[in-house]
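Undergrad: everything below, folded, please.
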Amino acid sequence: MPHTLDPDLRRALAERVRYCHEMGIYDFYRREPQFSESAAAAAETDDLDRSTFQELREEMAAKKSAVVATVADENIFEVVTPKPEHGITDPIAALKLIREDLGDCTRCKLHKQGRKQIVFGVGNPRADLMFVGEGPGADEDTQGEPFVGRAGQLLNNMIKAMGIRREDVYIANVVKCRPPGNRTPERDECETCSPFLMRQIAVVKPKVVVALGAVASKSLLAMNASMSELRGRFYDFMPAGARSIDPNWQGTKLAVTYHPAYLLRDPRQKGEAWKDLQMVMKFLGLEPPKKPVE
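TA: Below is the predicted model:
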């Protein structure tokens, strides 16, 4: 009787391989099937005849074939496909190619749930510092630029408090279309859209990426942890599935802090967010202002 791989096992395997890809692991190798010592002893003593032994080998080979089929069905090798911006040294031109590749995107359901326009990203294409949020809101959807509403005004103040200007940094989101009702982007939406963000990061090559909020942090780090666990340290980060044209660029540092929209709801956490930004400032060699901007 042919062996059918359990659906839960199929999903778990696909998730594991996808996780490996996010960690930069693309090559996989198969080991020859191992049998228990008792089975091997039985085979040697003829307690298990050759035909039964062969059936066991065939069954294990069928399992491996099912694994390979699962990998192919999930389309998880698409991340290694060369991108249009590869080989382009000018980050302005490279970002333009990524935007053209994104097109009038219909890759996930957000395109038919009331968006007005795609919100790609804005700022210095050679920025040392990049901020990543979760997705555009109503104001961003109207103006086509990330962080222009109330949360955007607070982010501007946070950037100014660091002693730099908004135009000195690059700002983008995990998803490029507004979720209806400003709801949290769903996992499949993040997975569909985040490859474009990874390509933006690889082109800009910032020294530090600041993930704003839980959605951005978990999407970039592929870690399911609380904000309190993620904050307060730097992570070595290389954008998954994207490669920089600069062979000397070995990735960036990633820091986690609260989303400005959350800080508007709970101003008591502004002090904690300021600690995160001070950590970033120290790494970048920015001179801390005498007094943080409120």
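Undergrad: quick check: which element contains Asp276?
TA: Asp276 belongs to helix 270-284 when assigned by DSSP states H and E.
Undergrad: give me the mean pLDDT for that helix.
TA: What helix 270-284 shows for mean pLDDT is 97.
Undergrad: buried residues of it, list them for me.
TA: By neighbour count on 16 or more other C-beta atoms under 10 Å, the buried set for helix 270-284 is Lys270, Glu272, Ala273, Trp274, Asp276, Leu277, Met279, Val280, Met281, Leu284. To be clear about C-beta, it is placed using only N, CA and C from the backbone, and glycine gets the same treatment.
Undergrad: so, low pLDDT: which residues of the stretch 51-200 of the chain?
TA: Applying pLDDT under 70 to the stretch 51-200 of the chain picks out residues 51-81.
Undergrad: which residues of it fall in strands?
TA: Under the criterion DSSP state E, counting those that start in this stretch, strands of the stretch 51-200 of the chain are mapped to 121-123, 129-133, 170-173.
Undergrad: name the nearest of the buried residues of helix 270-284 relative to Gly213.
TA: Distance to Gly213 across those (C-beta to C-beta) is lowest for Ala273, with 10.6 Å.
Undergrad: residue contacts, that closest one?
TA: Ala273 makes contact with Met158, Thr257, Tyr258, Leu263, according to C-beta atoms under 8 Å, 6 or more residues apart in numbering.
Undergrad: swap in 10 Å and give it another go.
TA: Counting by C-beta atoms under 10 Å, 6 or more residues apart in numbering, Ala273 makes contact with 154, 158, 161, 210, 212, 231, 257-260, 262-263, 292.
Undergrad: rewinding a little: of all the strands of the stretch 51-200 of the chain, which one is nearest Thr106?
TA: strand 170-173 (18.0 Å).
Undergrad: any quick PyMOL command for the buried ones out of the contacts of Ala273?
TA: In PyMOL, this line selects whichever of the contacts of Ala273 come out buried by 16+ other C-beta under 10 Å:
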select buried, resi 154+158+161+210+212+231+257+258+259+260+262+263+292
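Undergrad: please flag which of the contacts of Ala273 sit within helices.
TA: Among the contacts of Ala273, the residues falling in helices (DSSP state H) are Leu154, Met158, Ala161, Pro260, Tyr262, Leu263.
Undergrad: list just the nearest of those to Phe196.
TA: Comparing the ones in helices among the contacts of Ala273 against Phe196 with C-beta to C-beta places Pro260 closest, at 22.2 Å.
Undergrad: for Arg199, see how far away the closest one is.
TA: Separation of Pro260 from Arg199 (C-beta to C-beta, to the nearest Å) stands at 25 Å.
Undergrad: ok, now Phe131?
TA: Phe131 is 17 Å from Arg199, by C-beta to C-beta.
Undergrad: rebuild the buried residues of helix 270-284 as CSV, extending it with distance to Lys116.
TA: Formatted as CSV, the buried residues of helix 270-284 follow (distance: C-beta to C-beta, whole Å):
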residue, distance to Lys116
Lys270, 31
Glu272, 34
Ala273, 30
Trp274, 34
Asp276, 32
Leu277, 31
Met279, 36
Val280, 33
Met281, 36
Leu284, 35
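Undergrad: looking at those, which is nearest Arg178?
TA: Set against Arg178, the nearest of the buried residues of helix 270-284 by C-beta to C-beta is Ala273 (23.9 Å).
Undergrad: could you find the closest non-adjacent residue to Ala127?
TA: Leaving aside its sequence neighbours, Ala127 sits nearest to Tyr170 (C-beta to C-beta, 6 or more residues apart in numbering; 4.2 Å).
Undergrad: quick one: that neighbour and Phe131 touch, right?
TA: Yes. Tyr170 is in contact with Phe131 according to C-beta atoms under 10 Å; the separation is 7.5 Å.
Undergrad: which neighbours do the two share?
TA: By C-beta under 10 Å, 6+ apart, the residues touching both Tyr170 and Phe131 are Gly123, Pro146, Pro206, Val209.
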